[in-house]
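Novice: Next input, structure requested:
(chains A and B)
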Amino acid sequence: MALPSSFPVSPPLIFERKDLQKLLEVLNAQGYRVIGPTVRDGAVIYDEVQSDHEFPVGWTDSQSAGTYRLEKSDSKALFAYTASPQSWKRFLHPPALTLWEAHRSNGTFQITAEDASPRYAFVGVRACELQAIAIQDKVFLYSEFMDPHYKARRENTFIVAVNCGRAGGTCFCVSMNTGPKASSGFDLALTEILEDERHYFVVEIGSEAGAEIMRELPHRPAGEGEIEAAERILAQTAASMGRELKTDDLKELLYRSYESPRWDDVARRCLTCGNCTLVCPTCFCTTVEDVTDLTGEQAQRVRKWDSCFTMDFSYIHGGSVRYSTKSRYRQWLTHKLATWIDQFGTSGCVGCGRCITWCPVGIDITEEVQAVRAGGGKTSKKGAKHENV
Amino acid sequence: MVENLLTEKLTAADPMLPGLFRIHRILKESYDTFTVELVSLEGYQTFPFEAGQFNMLYVYGVGEIPVSISGDPLHPETLVHTTRVVGTVTRAMRELKIGDVIGVRGPFGSAWPVQAAKGNDLVFVAGGIGLAPLRPALYQILAQRDRYGKIVLLYGCRSPEDILFRKELEKWRARFDLEIYVTVDYANTRWHGNVGVVTKLIPKAPFDPLNTIAMVCGPEVMMRFTAIELQKRGVNPDNIYISMERNMKCAVGFCGHCQFGPTFICKNGPVYPYSQMQNWLTMWEI
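Specialist: Got it, this is the predicted structure:
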């Protein structure tokens, strides 16, 4: 379990690449279903892994607005890829989840809810993704209500973070202050190092559960040179971000900019496909579907990911509240970067860049914010002022 | 305490899990509006709630919708909901019979400021079905009538046939300590009352604007213009309360559908001080 804790930071350890398979075996032996990165259908995705051969050895990626390409190199690096099209959200907050089932008999019905949640170990969680998980914790665990489905998955999850050895073309975690180094919310955090024919990980322990796992694995204290090597790599990653997003005054700027002409501009490009919300590791919106079997004796309520880009999302009797593309893009971006802060005390953006990479027309959130900023929060029509609620 | 058990069970354990209720009584309010009275099938004697709150009602196999509670908070032995037939779920609900079972989650959301309003004049402004979420506050206030100043109810609907709770309104109208004014958008010659929008009733309504709490529920545009008229009379926007409506799927802030500016109407609302909402209400497609 890697809920935020104040576990004392232990000195970094060294863990050899050749022992990675042992880590997977130890996690398996402790009853975890290990989920890690693997190459499938031309992308690095997160799925169940049994062996370290399944990791994306030598694979890296090139990402830009609307583009994602895997590239093979001779490197033996396991974690040289950057943000995957998937995020860990699909395991903690599944795309489809049966909330309960109802059975009808004798003029009434009974409702039963069962949720057998697996015990996951995530291997390869990036710093920005740790922050995304912390953000969804705020939504599902620390708001007025608590989601027992999320809680069951989250509490049982073991997290092996992997610090980023390179930045992707659409990354901007430095702007959002979420990376590239994992600072909290993990059980173990690794930095992968390949130098002088050596291949090893600098390991930080983030929890008692993490310490317990390390006790079962070969390790030794890290030397000064090794710690410096890890720091050098992370500094280099931080210095090579593909994107930048200026966050000063951002919330206030967006509150002032509901009538910005930029929303008309982006609406001419946006397809309202909802890709950005699906790849976003913090977007949490859902809908529910009520289904019955053919006899009508069994009914189910299924919760599914939804997107604020659909017309149906804001539908009330009489029509959709947000019927224009402009209002839906504005809702998404303004929620992510402004109203989210008032709702949950944190930005809803972690700077992973997925929404930029996976937008089929290459709309870039950093570019849109820059353009709104250039407008200075000017209004296109009437100059309404908006206060926080 | 028995009263707290239900809320705890529904909200603390799994807020997405409905409790089962049996339909105890059905009242036809108008050609398209009806009231259901429900009792718990799970042994709860009462269903405590605050005036202005809502429940999620589930019709087996059809779906779930938010409906405000229209009953008396001082008599929570039955759970009372009044709804207009507007969609799939309400249409299916209308077909249900006494003894049928429906699912209930709640109560959710914020309440009318019934306690805080003590010592003030009260103006209720309702549009159409908007009278239903205000009725619990009226019950509660009339039960302690001496704690409040003047009470005025201004009620507007489409036609005389749309007037809700007609018998109750007539009974209340007979009281000397409550003023009721009704207006309709259109009527035939048998109607001798007011014709026109409800905001037209505000300038002449008997209340002290500097010492008034207003509770307003109806279509968004009606609430906006009501608030403007009330402010013209001198009512402070902080003392005007409105009840907002948006698409709700979960009622607990998980699904995102009811977002309005920086709030989720299901948990931060539906009742808000108008002063918090007034700027947002002037914008389209929030």
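
Novice: Point out the other helices and strands that the helix or strand harbouring A:Ile227 packs with.
Specialist: Using DSSP states H and E, A:Ile227 maps to helix A:224-239. With contacts taken as 3 or more CB pairs under 8 Å, 6 or more residues apart in numbering or on different chains; DSSP states H and E, helix A:224-239 sits against strand A:188-195, strand A:198-205. Yep, even glycine has a C-beta here, placed from its N, CA and C like the rest.

Novice: which other residues reach that helix?
Specialist: Residues outside helix A:224-239 that contact it (CB atoms under 8 Å, 6 or more residues apart in numbering or on different chains) are A:12, A:14, A:163-167, A:174, A:179-181, A:191, A:193, A:195, A:200, A:202.

Novice: picking up where we left off before, for B:Ile240, which of the helices and strands packed on helix A:224-239 is the nearest?
Specialist: strand A:188-195 (52.5 Å; CB to CB).

Novice: Next one, pLDDT for B:Glu245 please.
Specialist: We have a pLDDT of 93 for B:Glu245.

Novice: Can you name the residues of the stretch 151-286 of chain B sitting close to chain A?
Specialist: B:245-247, B:249-250, B:252-257, B:259, B:261-264, B:267-268, B:272, B:276-277, B:279-280, B:282-286 (CB under 8 Å from any CB of the partner chain).

Novice: Tell me the residues of the stretch 101-250 of chain A that contact chain B?
Specialist: Neighbours of chain B within the stretch 101-250 of chain A, by CB under 8 Å from any CB: A:102, A:104, A:107-111, A:113, A:139-140, A:143-148.

Novice: can you do 7 Å?
Specialist: Counting by CB under 7 Å from any CB of the partner chain, the stretch 101-250 of chain A comes close to chain B at A:102, A:104, A:108-109, A:111, A:113, A:139-140, A:143-145, A:147-148.

Novice: From these, keep the buried residues only.
Specialist: A:102, A:104, A:109, A:111, A:113, A:139-140, A:143, A:145, A:147-148 (16 or more other CB atoms under 10 Å in any protein chain shown).

Novice: any idea which strand is longest in the chain?
Specialist: Since you didn't name a chain, this refers to chain A. Secondary structure of chain A read by DSSP state E shows that its longest strand is strand A:96-105.

Novice: my question was about chain B
Specialist: strand B:19-30.

Novice: Tell me the secondary structure at B:Arg190.
Specialist: The assignment at B:Arg190 comes out as coil when based on DSSP: H, G, I helix; E, B strand; the rest coil.

Novice: Just to be sure, B:Ile228 is in a strand?
Specialist: No: applying three-state DSSP, one finds B:Ile228 to be helix, outside a strand.

Novice: So what's the residue count around it?
Specialist: Around B:Ile228 there are 15 other residues, counting by other CB atoms under 10 Å in any protein chain shown.

Novice: and which of the contacts of helix A:224-239 is nearest to chain B?
Specialist: Proximity of the contacts of helix A:224-239 to chain B was ranked by CB to the nearest CB; the top entry is A:Gly179 with 25.5 Å.

Novice: What strand or helix carries that closest one?
Specialist: Using DSSP H and E, A:Gly179 maps to neither a helix nor a strand.

Novice: shouldn't A:Ile193 be in contact with A:Gly223?
Specialist: No: judged on CB atoms under 7 Å, A:Ile193 makes no contact with A:Gly223 at a distance of 11.7 Å.

Novice: which of these two has more neighbours?
Specialist: The neighbour comparison of A:Ile193 against A:Gly223 (other CB under 10 Å) goes to A:Ile193, with 20 against 12.

Novice: Contacts only, for that one.
Specialist: Each residue near A:Ile193 by CB atoms under 7 Å, 6 or more residues apart in numbering or on different chains is listed here: A:200, A:202, A:229-230, A:233.

Novice: ok, which stretches of the stretch 201-350 of chain A are strands?
Specialist: Taking DSSP state E, counting those that start in this stretch, the strands of the stretch 201-350 of chain A run over residues A:220-221, A:286-292, A:298-305, A:315-316, A:319-320.

Novice: And for the stretch 151-286 of chain B?
Specialist: B:151-157, B:179-184, B:194-195, B:212-217, B:240-243, B:259-260, B:263-264, B:271-273.

Novice: could the ones you listed go into CSV alongside distance to A:Thr157 and mean neighbour count?
Specialist: Shown next, in CSV, are the strands of the stretch 151-286 of chain B (distance: least, CB to CB, whole Å; neighbours: other CB atoms under 10 Å in any protein chain shown):
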stretch, distance to A:Thr157, mean neighbour count
strand B:151-157, 54, 24
strand B:179-184, 58, 19
strand B:194-195, 63, 14
strand B:212-217, 44, 27
strand B:240-243, 40, 26
strand B:259-260, 28, 24
strand B:263-264, 26, 23
strand B:271-273, 37, 21
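
Novice: In ChimeraX, how would I select just the buried ones from the residues of the stretch 151-286 of chain B next to chain A?
Specialist: Selection of buried members from these for ChimeraX, criterion 16+ other CB under 10 Å:
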select /B:245,246,247,249,250,252,253,254,255,256,257,259,261,262,263,264,267,268,272,276,277,279,280,286
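
Novice: Mind checking which of the residues of the stretch 151-286 of chain B next to chain A are in helices?
Specialist: B:276-277, B:279-280 (DSSP state H).

Novice: domain ranges for chain B?
Specialist: Using automatic domain parsing, the domain parsing of chain B gives B:2-108, B:121-281.

Novice: Of all those domains, which one is nearest A:Thr357?
Specialist: Closest approach to A:Thr357 among the domains of chain B is made by domain B:121-281 (23.0 Å; CB to CB).

Novice: Determine how far that closest one lies from the middle of the whole chain.
Specialist: On the basis of CA atoms, centre = their mean, to the nearest Å, domain B:121-281 sits 9 Å off its chain's mean C-alpha point.

Novice: now swap in stretch A:105-112 and tell me
Specialist: Stretch A:105-112 sits 39 Å away from the centroid of its parent chain (CA atoms, centre = their mean).

Novice: Let me see the mean pLDDT of it.
Specialist: Over the span of stretch A:105-112, the pLDDT mean works out to 91.

Novice: I would like the residues contacting that stretch, please.
Specialist: Here stretch A:105-112 makes contact (CB under 7 Å, 6+ apart) with A:100-103, B:17-18, B:60, B:101, B:103.

Novice: Can you select the buried ones from those residues in PyMOL?
Specialist: Burial among the contacts of stretch A:105-112 is assessed by 16+ other CB under 10 Å; the matching PyMOL selection reads:
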select buried, (chain A and resi 100+101+102) or (chain B and resi 17+18+60+101+103)
